[in-house]
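Asker: quick one: sequence and predicted model below, then my questions.
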Amino acid sequence: MYGLEATSVTELVYSNSVHAAKNVLVRYFAERRMGTLLEVQADTPVAGINHRLILLTWDEGEAWGIKPDEKAKLLADEGFRIYSADNGVITIASKTAAGVLFGLGFWLRGLSFRRNGHVDMPECYDIAESPDHEMRSFFIATHRQDNGYKWWTLERHRHYVEDLALWGANLAMYIPMQFGQRSAKSWEQGTPEANDWESMRNYPNMVHELGLQVGAYIGVNDVFPEDELGLKHAKNGSSPSMFISGEEAHVCPSNPEAREVLLRRRQELFRLTNLDVLYISPTDYGGCGCDDCDPYPATYLDLAKETSALLKQERPGSKVIVGNVLMTEPLLKEQFYAYFHSPESKWVDYIAYAMHGTALSLQDALQLLPKEHPPIVLYPEITMMDNWGRIGTMPFTNRFTYSLDRVTNIAERCLNTNHWDDPGSLMLNQSLPLAFNWETMKQDVIGAFTYSEGIHDDSNKVTWLDYGWGSEFDPVQTLEHYCAFYYGSDAAPVLKEVYMLLEKQSILRCHKAFCPPLGTCGSEGKTNAELMKHLLALAEEQLPEWVKLNWRWHMLCFRVELETAVYFFDKENTSFIDARTNLVDKAEEIYQMCGHILLLYPGTPWNREEALRIVAEFIDNRKAETMDAFTES
């Protein structure tokens with residue numbers, strides 16, 4: 001094994017088009033104290049290349065005499081080749097700059113980061129990889145309800161996109177503008193509102209600099225609050241055909257004046273943001289349940305078609321996704337999927353099989369579609385289960401597809417009750433019919449974009465990205481690789497078990513409610529909490545020093561400590577006061593490190609006093625609830 005350490009020097013040569021991959025490598029070398037990189041940008045052929053590491057695209061490599069071999073010629077555009085020569089020189093190459101970035105991630109994950117700071121590296125490489133799925137994406141919901149994304153600087157966004165690109169992400173999606181939560185002054189240069197929106201406006205350029213595509217999520221019919229005055233408001237709740245889950249400043253798309261305003265605002269947005277992909281959601285958020293908009297799926301698709309035309313006018317070559325969120329079985333059969341038998345549907349590029357849209361299984365949906373139909377992409381929820389990220393690291397590994405697993409009929413229940421029914425217990429109910437089977441239905445879809453409201457779901461994003469990349473995918477093996485990469489090889493086996501126990505705790509709780517009190521896992525939950533605390537202490541002894549500066553480690557510690565506090569501290573015990581204060585201190589530290597808000601509800605800026613009150617409430621509530629759970633068990 002070769003090795004890298006703080007005193008080592010690695011020579012790096014890179015071609016013009018792979019600056020992004022080079023910059024990521026420099027950052028990781030610095031953060032992980034892997035020694036010094038001697039950088040050489042090669043505009044012209046490099047005579048007698050003796051560098052340890054070479055990053056290039058094949059078209060530029062030919063000028064140096066480096067050409068693709070037979071294995072490389074068989075790869076897709078985003079595939080990569082990693083090989084080493086007898087002298088130890090390692091080459092990472094691809095047809096595209098993005099492919100080089102994906103290859104760099106594969107190479108970095110193949111290193112063993114040891115407790116003593118040493119980094120072991122295989123002696124030789126002969127790797128050729130191409131992705132299975134066309135779309136490997138994550139969607140960060142940069143709106144008022146998230147756990148911190150909306151306050152990030154562009155640099156912080158860049159680092160996180162880079163992290164996920166190393167796992168194969170080729171499309172970064174976000175909410176550039178939730179009109180109802182902002183102001184028309186966001187587009188007036190020099191105003192505080194415009195300064196606040198600046199990072200969202202520049203997000204696409206940042207993503208494109210990395211060689212990736214960028215996508216946006218928009219509601220179908222929201223406008224700025226100033227626009228809403230005098231226009232016909234949208235109707236929320238149950239409609240004649242489906243449940244409408246709107247938020248702020250939605251207007252009726254069947255009203256000509258309102259439709260003109262909402263389409264004009266979208267055209268302005270498309271001029272300001274350089275988008276490759278657009279997902280137009282039918283509801284949650286958005287929609288209108290008035291009689292004029294009934295049947296709503298027809299209204300939605302007609303409006304989405306006009307919106308798509310505006311996007312493609314401003315951004316030729318861009319793609320549009322439509323979805324099935326909160327549509328009931330009759331609507332899906334008679335209107336939504338039936339629409340794609342019409343020539344009118346040719347504008348649709350992708351159909352999203354979405355969370356809260358599983359009133360029909362994917363297999364049934366495919367049978368309703370014509371043979372030639374837009375490709376299916378999955379739109380799973382990975383972020384809200386078990387308290388919306390307020391309690392820290394939230395892994396779902398064995399059940400990573402929970403939001404698409406079952407035919408839940410959430411839409412029907414919401415329509416009948418006129419309010420959101422609890423989706424958590426339904427999603428985890430394995431007695432319901434299977435909706436999507438990740439082991440057998442991979443060939444039926446061309447990828448996924450995962451819904452995220454915070455970095456507490458980081459490992460879930462990685463699981464879905466790895467699923468999209470590799471035919472040999474195993475979610476538990478992905479978790480092993482994740483732990484080794486972010487916590488070091490020595491601590492990884494123990495921390496994998498901690499992650500699996502955290503998933504078990506969430507499933508125990510969420511069978512009862514989507515956001516349950518923490519103490520409702522019964523005696524099994526108490527046993528799990530004791531074991532997690534023990535394992536975490538063992539793992540800490542095996543960590544490289546750089547891990548202790550990583551937000552992932554701190555957030556994991558916070559979650560385990562909170563799980564433990566719920567079971568082992570009483571309000572009357574002086575230890576409770578210390579535990580509560582310590583948890584708030586940790587939450588504040590994590591917020592400073594990575595901008596993630598713990599303890600508080602999504603959308604609430606950090607407030608120490610409120611956080612103290614909430615953590616006291618979390619732990620306090622366990623008295624009656626946990627005792628009930630113990631009795632039940």
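Answerer: Good, I have the coordinates. Numbering: from 1, shown residues only.

Asker: mind checking the SS state of the nearest residue to residue 476 once chain neighbours are set aside?
Answerer: Computed as Cβ to Cβ, 6 or more residues apart in numbering, the closest residue to residue 476 that is not its neighbour in sequence is residue 397, at 6.1 Å. (Each C-beta comes from the backbone N, C-alpha and C, glycine too.) With DSSP: H, G, I helix; E, B strand; the rest coil as the basis, residue 397 sits in coil.

Asker: which ones are touching residue 397?
Answerer: 459, 463, 475-476, 478-479, 499-500, 503 (Cβ atoms under 8 Å, 6 or more residues apart in numbering).

Asker: switch the cut-off to 7 Å
Answerer: Residues in contact with residue 397, defined by Cβ atoms under 7 Å, 6 or more residues apart in numbering, are 463, 475-476, 479, 499-500, 503.

Asker: again with residue 506
Answerer: 385-386, 394.

Asker: tally of neighbours for residue 431?
Answerer: Residue 431 has 5 neighbouring residues, counting by other Cβ atoms under 10 Å.

Asker: over to residue 122?
Answerer: 14.

Asker: where does pLDDT dip in the stretch 501-633 of the chain?
Answerer: 569-574, 620-633 (pLDDT under 70).

Asker: let's see 90
Answerer: 509-523, 525-526, 564-581, 601-606, 612-633 (pLDDT under 90).

Asker: filter the contacts of residue 506 to the buried ones?
Answerer: When the contacts of residue 506 are checked for burial by 16 or more other Cβ atoms under 10 Å, the buried set is 385-386, 394.

Asker: nearest to residue 419, of these?
Answerer: Proximity of the buried ones among the contacts of residue 506 to residue 419 (Cβ to Cβ) peaks at residue 385, which lies at 19.1 Å.

Asker: spit out the contact partners of the residue nearest in space to the middle of the chain.
Answerer: Nearest residue to the geometric centre of the chain (Cα atoms, centre = their mean): residue 138, 3.8 Å. Counting by Cβ under 7 Å, 6+ apart, residue 138 touches 164, 169, 172-173, 449-450, 452, 461.

Asker: export the residues you listed to CSV and tack on neighbour count?
Answerer: Output for those, formatted as CSV (neighbours: other Cβ atoms under 10 Å):
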residue, neighbour count
164, 21
169, 32
172, 27
173, 29
449, 28
450, 28
452, 25
461, 23
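
Asker: nearest to residue 204 among the residues you listed?
Answerer: Using Cβ to Cβ, these come closest to residue 204 at residue 172, 8.8 Å.

Asker: phi and psi next, for that closest one.
Answerer: Main-chain dihedrals, residue 172, degrees, to the nearest 10: phi -100, psi 120.

Asker: can I assume it is in contact with residue 207?
Answerer: Yes. Counting by Cβ atoms under 7 Å, residue 172 touches residue 207, with 4.7 Å between them.

Asker: any common contacting residues for those two?
Answerer: With Cβ under 7 Å, 6+ apart as the test, residue 172 and residue 207 both reach 161, 214.

Asker: which one is residue 147 nearest to, not counting chain neighbours?
Answerer: In space, residue 147 is closest to residue 454, 3.1 Å off (Cβ to Cβ, 6+ apart).

Asker: rewinding a little: between the buried ones among the contacts of residue 506, which sits nearest residue 409?
Answerer: residue 385 (18.4 Å).

Asker: packing partners for the helix or strand harbouring residue 202?
Answerer: For residue 202, the host element (DSSP states H and E) is helix 192-209. Other helices and strands packing on helix 192-209, by 3 or more Cβ pairs under 7 Å, 6 or more residues apart in numbering; DSSP states H and E, are helix 154-165, strand 213-219.

Asker: indicate which one of these is closest to residue 299.
Answerer: strand 213-219 (13.9 Å).

Asker: run through who's touching the closest one.
Answerer: 137, 139, 170-176, 178, 203-204, 207-208, 266, 273, 275-281, 285-286.

Asker: same question for stretch 423-438.
Answerer: Residues contacting stretch 423-438 (Cβ under 7 Å, 6+ apart): 356, 358, 361-362, 385, 401-408, 410, 467, 507, 510-514.

Asker: next SSE downstream of the helix or strand residue 352 falls within?
Answerer: For residue 352, the element it lies in under DSSP H and E is strand 350-354. Counting by DSSP H and E, the element after strand 350-354 in chain order, helix or strand, is helix 362-368.

Asker: got the buried residues for that following helix?
Answerer: Result for helix 362-368 [16+ other Cβ under 10 Å]: buried residues 362, 364-366, 368.

Asker: what's the answer for stretch 196-212, then?
Answerer: In stretch 196-212, counting by 16+ other Cβ under 10 Å, buried: 197, 199-201, 203-204, 206-207, 210-212.

Asker: swap in stretch 71-85?
Answerer: For stretch 71-85, by 16+ other Cβ under 10 Å, it's 72, 75, 78-84.

Asker: what do you get for stretch 99-115?
Answerer: Quick answer for stretch 99-115 (16+ other Cβ under 10 Å): 99-108, 110-114.

Asker: repeat that for stretch 151-163.
Answerer: 151-152, 157-158, 160-163.

Asker: beyond the worst-scoring helix or strand of the chain on mean pLDDT, next helix or strand please.
Answerer: In the chain, no helix or strand scores lower on mean pLDDT, DSSP states H and E than strand 2-4, which sits at a mean of 63. As assigned by DSSP H and E, the chain's next helix or strand after strand 2-4 is strand 9-14.

Asker: just the strands in the stretch 51-200 of the chain please.
Answerer: Residue ranges of the strands in the stretch 51-200 of the chain, as given by DSSP state E, counting those that start in this stretch, are 53-57, 80-84, 90-94, 112-113, 119-121, 126-129, 135-140, 171-174.

Asker: state the mean pLDDT of stretch 328-336.
Answerer: For stretch 328-336, the mean pLDDT works out to 94.

Asker: next, the buried residues of that stretch.
Answerer: Result for stretch 328-336 [16+ other Cβ under 10 Å]: buried residues 328, 331-333, 335-336.

Asker: with pLDDT and distance to residue 14 as extra columns, can I get the buried residues of stretch 71-85 in a markdown table?
Answerer: Putting the buried residues of stretch 71-85 into a markdown table (pLDDT from 0 to 100; distance: Cβ to Cβ, whole Å) gives the following:
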| residue | pLDDT | distance to residue 14 |
| --- | --- | --- |
| 72 | 97 | 18 |
| 75 | 97 | 20 |
| 78 | 98 | 18 |
| 79 | 98 | 19 |
| 80 | 98 | 14 |
| 81 | 98 | 15 |
| 82 | 98 | 15 |
| 83 | 96 | 16 |
| 84 | 93 | 17 |
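
Asker: what are the ranges of the strands in the stretch 301-450 of the chain?
Answerer: 319-323, 350-354, 376-379, 447-452.

Asker: mind listing the strands the second one pairs with, and their directions?
Answerer: According to DSSP bridges, strand 350-354 has the following sheet partners: strand 319-323 (parallel), strand 376-379 (parallel).

Asker: among the contacts of residue 397, name the buried ones.
Answerer: 463, 475, 479, 499-500, 503.

Asker: next, give me the two most distant ones among the residues you listed.
Answerer: 463 and 500 (12.6 Å).

Asker: quick check: pLDDT value at residue 15.
Answerer: So, for residue 15, pLDDT stands at 87.

Asker: what ranges in the stretch 101-250 of the chain fall below the confidence cut-off?
Answerer: 117-118, 121-123, 189, 196, 237-247.

Asker: returning to that earlier point: which one of the buried residues of stretch 328-336 sits closest to residue 295?
Answerer: The closest of the buried residues of stretch 328-336, once distances to residue 295 are taken by Cβ to Cβ, is residue 335, at 5.9 Å.
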